[in-house]
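Chemist: Below is the sequence, then the predicted model.
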Amino acid sequence: MASSARGITAMDKDRSDSLAQMHLVKILRAYILQMVTEVPGYKALLLDKDTMRVSSTQFGRTELAEHNVVQIERLDSNDSKEHLELKAVCFLRPTRENVTMLKRELREPRYQSYHLYFTNLVSQMHIQDLAEADAAKEQVQQMQEFYGDFVALDVHHFMVPVPCNEVLINPRAAAAFGASEFEAVDRLVQGLSALFLALRRRPVIRYQRTSDAAKRLAEGLYTLTYKQQPGVFDFGSRSSPVVLLLDRTDDPLTPLLTQWTYQAMIHELIGIRDNRAVLTSSKVAEQYREVVVDPASDDFYKRHLYSNYGEVGLSVKELVDKFSTASAQHKQLNSLEDMRRFVLEHSDFSRAQSNVTKHVNIVTQLSEEVSRHNLMDVSTLEQDLANPASALNAAGAYEDIMAMLQGKAVSNKDRVRLVMLYALRFEGEAGRFSGLLDALAQAGVKAANPQLYAAAEDMPRYGGQDRRSGDLYGGGNILLKAKNVFKGLQGVDNVYTQHQPLLVETLRLLAANDLNPAAYSYAATTQDEALSWQAAYKQRPPREAIVFILGGSTYEESKAVAEWNARGPQAGMRVLLGGSNVLNSDAFLAALGAGSADSNGMR
């Protein structure tokens, strides 16, 4: 009994520490671990399409098998096979569709018993429906709410997947994909409210005033947490963090740039989905093409998440050299003792070999992409366009981009990105922007890929100054402008990583309570309530913040938040970053061009 009590105390302490740190990975892992450990015996894990993503980013099948999970199944798989030797652990979103499928399952049970865990608040109507479906067989042993209605990508970075993220970036996508912005916003209300419950915090809500979608999300969250269910979201005397709801329009620059740090570069040039990537290089054998890129299970990847491309290349070479030395030692089996040691170390040796192979293959493909698309030259011009401290002027930039548009080594996608960056940096240069669009058409971009051309054409309307609340180029902030100029004079370690996302400045202003309330409003019933929040934060700025970007965050912004949090108490505020997707330039451009003619591929 004593050891059991110590185990519970340790678990409670770990959960308490996770909540205090807002450690998203530990919080979600604790939920899933409790499900699979408190149900004894052999079991199956029944998931929906969203909880499959939630679970797979935290646990592999091998680790789940250690807790006697011998089967993982989608609830919508329509499998009619009975598994009466297994108990069903159901981790599901409490949607109408899931409840309907679960009722069908309970009327004709295929498992020994059912243990229901929902990712969010369950309505009384759904509870009644499930009770009636279970009345005949009485197979349901328990039902609980475990608030895991979001995907934890890292300790500080999360995502609330929406049915069609494109509609949050481009309204035309609604017709193209048969989805609505209102449906997407409703899903975000559900995911973020679950996050608040998981963190045991009810935040003060602020939103980007120039965004209708951010305003609707703020109103939905405020209505749920402060009006409809105030008791559920009231966690006592804990100080309220702030949740800041941003639209991707506030910084359309960051997802357009070529990335040069390891995690962001993999996502930009290969693509990461739920901590997995698929390599396409002909130099990579078929069996090695699908790779896991998870900092929780890969120490090398964790150490080099934010290292630049050159540093990663050198580190991969060191990894190969180290492995080669170990491999040579393993070949020298001259005695029984050598063989015994080899058997003991073989699993670690195999893991090391697998890890070396993975990172060599990843860097191989990154190198091919950089060379094939002339990305070093493209990126140098991108950084000049993105950096307000650069000496670039509208006429000089126009000539530089024209030369790139006519170059055969530059892809259509990269041509378009350069034109879009020009439109953002030199918004008043309508004539030159029109000339660049004509050059895109002459280069064959419009004919080859109307969707890509439409993305360039629409950039001023999507991300122009009147759509933004933040100061993207630092023009209105004398201190920020001086800092950028000083940085330009001082030089940087890597010309390709000069850019800092707008989020860095937004966090600085938020932590100092200097974020303009006229541009980033408070969600409140009355003006007096909004003013009271302003006054409270003026006296004591927020110590915790959740920044959520409608349309999607980026790995460059995730890096910025990780570096912010690494400063500890000196930062003044701990930050979580979330989004409705994790964007790379392909996803961003596809969303911007959605609703136009069919695309023939981004490159």
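Modeler: Perfect, thanks for sending it.
Chemist: Show me where the stretch 451-600 of the chain has its strands.
Modeler: For the stretch 451-600 of the chain, the strands defined by DSSP state E, counting those that start in this stretch occupy 520-522, 544-550, 574-579.
Chemist: Take these and write them to a markdown table, including distance to residue 372.
Modeler: Yep, even glycine has a C-beta here, placed from its N, CA and C like the rest. What follows is these, written out as a markdown table (distance: least, C-beta to C-beta, whole Å):
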| stretch | distance to residue 372 |
| --- | --- |
| strand 520-522 | 41 |
| strand 544-550 | 30 |
| strand 574-579 | 29 |
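Chemist: would CSV of these with mean neighbour count, mean pLDDT and distance to residue 465 be doable?
Modeler: Shown next, in CSV, are these (neighbours: other C-beta atoms under 10 Å; pLDDT from 0 to 100; distance: least, C-beta to C-beta, whole Å):
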stretch, mean neighbour count, mean pLDDT, distance to residue 465
strand 520-522, 21, 96, 16
strand 544-550, 25, 97, 19
strand 574-579, 25, 98, 23
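Chemist: Residue 453 is nearest to which of the ones you listed?
Modeler: Across those, the minimum distance to residue 453, taken as C-beta to C-beta, is reached by strand 544-550, at 25.2 Å.
Chemist: residues making contact with that closest one?
Modeler: Contact partners of strand 544-550, identified using C-beta atoms under 8 Å, 6 or more residues apart in numbering, comprise 22, 160, 168, 188, 192, 195, 201, 203, 211, 213-214, 217, 239, 241-248, 503, 506-507, 510-511, 557, 561, 573-580.
Chemist: quick one: strands adjacent to that strand?
Modeler: Take DSSP bridges as the rule and strand 544-550 pairs in its sheet with strand 242-247 (parallel), strand 574-579 (parallel).
Chemist: just how off-centre is the first one within its chain?
Modeler: Mean C-alpha position of strand 242-247 versus that of the full chain (C-alpha atoms, centre = their mean, to the nearest Å) differs by 15 Å.
Chemist: Figure out which of the strands of the stretch 451-600 of the chain is closest to residue 91.
Modeler: Using C-beta to C-beta, these put strand 574-579 closest to residue 91, at 20.5 Å.
Chemist: Mind exporting the C-alpha coordinates of the closest one to PDB?
Modeler: What follows is strand 574-579, C-alpha atoms only, in PDB (Å, rounded to 0.1, in the frame of the first residue of the first chain):
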ATOM      1  CA  ARG A 574       6.000  32.200 -20.300                       C
ATOM      2  CA  VAL A 575       4.500  31.600 -23.800                       C
ATOM      3  CA  LEU A 576       2.700  28.900 -25.600                       C
ATOM      4  CA  LEU A 577       2.300  29.100 -29.400                       C
ATOM      5  CA  GLY A 578      -0.600  27.500 -31.300                       C
ATOM      6  CA  GLY A 579      -2.200  27.600 -34.700                       C
END
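Chemist: So residue 279 sits against residue 291, correct?
Modeler: Yes: between residue 279 and residue 291 there is a contact under C-beta atoms under 8 Å: 6.5 Å.
Chemist: okay, these two: which has more neighbours?
Modeler: Neighbour totals were compared for residue 279 and residue 291, and residue 291 leads with 24 against 20 (other C-beta atoms under 10 Å).
Chemist: Which among the contacts of strand 544-550 count as buried?
Modeler: For these, a burial check counting by 16 or more other C-beta atoms under 10 Å picks out 22, 160, 168, 188, 192, 195, 201, 203, 211, 213-214, 217, 241-248, 503, 506-507, 510-511, 557, 561, 573-580.
Chemist: Next one: the closest residue to residue 551 other than its chain neighbours from residue 130, what distance?
Modeler: Leaving aside its chain neighbours, residue 551 sits nearest to residue 248 (3.1 Å; criterion: C-beta to C-beta, 6 or more residues apart in numbering). Separation of residue 248 from residue 130 (C-beta to C-beta, to the nearest Å): 38 Å.
Chemist: same question, residue 583
Modeler: Applying C-beta to C-beta to residue 583 and residue 130 gives a distance of 38 Å.
Chemist: Between those two, which has more neighbouring residues?
Modeler: Taking neighbours as other C-beta under 10 Å, residue 583 and residue 130 compare with residue 583 leading, 28 against 21.
Chemist: isn't that one right next to residue 558, touching?
Modeler: No: the criterion here is C-beta under 8 Å, and residue 583 misses it with residue 558 at 11.1 Å.
Chemist: so what's residue 584 up against?
Modeler: Shown in contact with residue 584 (C-beta under 8 Å, 6+ apart): 255, 259, 267-268, 271, 554.
Chemist: List buried residues within these.
Modeler: 255, 259, 267-268, 554.
Chemist: all helices of the stretch 201-350 of the chain, in order?
Modeler: For the stretch 201-350 of the chain, applying DSSP state H, counting those that start in this stretch gives helices covering 212-222, 262-269, 299-304, 309-331, 336-372.
Chemist: Columns mean pLDDT and distance to residue 405 on top of those helices, output as a markdown table?
Modeler: Shown next, in a markdown table, are these (pLDDT from 0 to 100; distance: least, C-beta to C-beta, whole Å):
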| stretch | mean pLDDT | distance to residue 405 |
| --- | --- | --- |
| helix 212-222 | 97 | 33 |
| helix 262-269 | 97 | 21 |
| helix 299-304 | 94 | 34 |
| helix 309-331 | 78 | 25 |
| helix 336-372 | 73 | 18 |
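Chemist: would TSV of those with distance to residue 33 be doable?
Modeler: TSV is the format used below for those (distance: least, C-beta to C-beta, whole Å):
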stretch	distance to residue 33
helix 212-222	29
helix 262-269	26
helix 299-304	21
helix 309-331	31
helix 336-372	23
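Chemist: Check those for me and report the most buried one.
Modeler: Using mean count of other C-beta atoms under 10 Å, the stretch among these with the greatest mean number of neighbours is helix 262-269 (a mean of 25).
Chemist: State the pLDDT value of residue 490.
Modeler: With respect to pLDDT, residue 490 has a value of 39.
Chemist: Might you report the residue contacts of residue 265?
Modeler: Taking C-beta under 8 Å, 6+ apart, we find residue 265 in contact with 259, 309, 366.
Chemist: ok, now residue 210?
Modeler: Per C-beta under 8 Å, 6+ apart, neighbours of residue 210: 247, 249-250, 466-469, 519.
Chemist: I appreciate the help and will end here.
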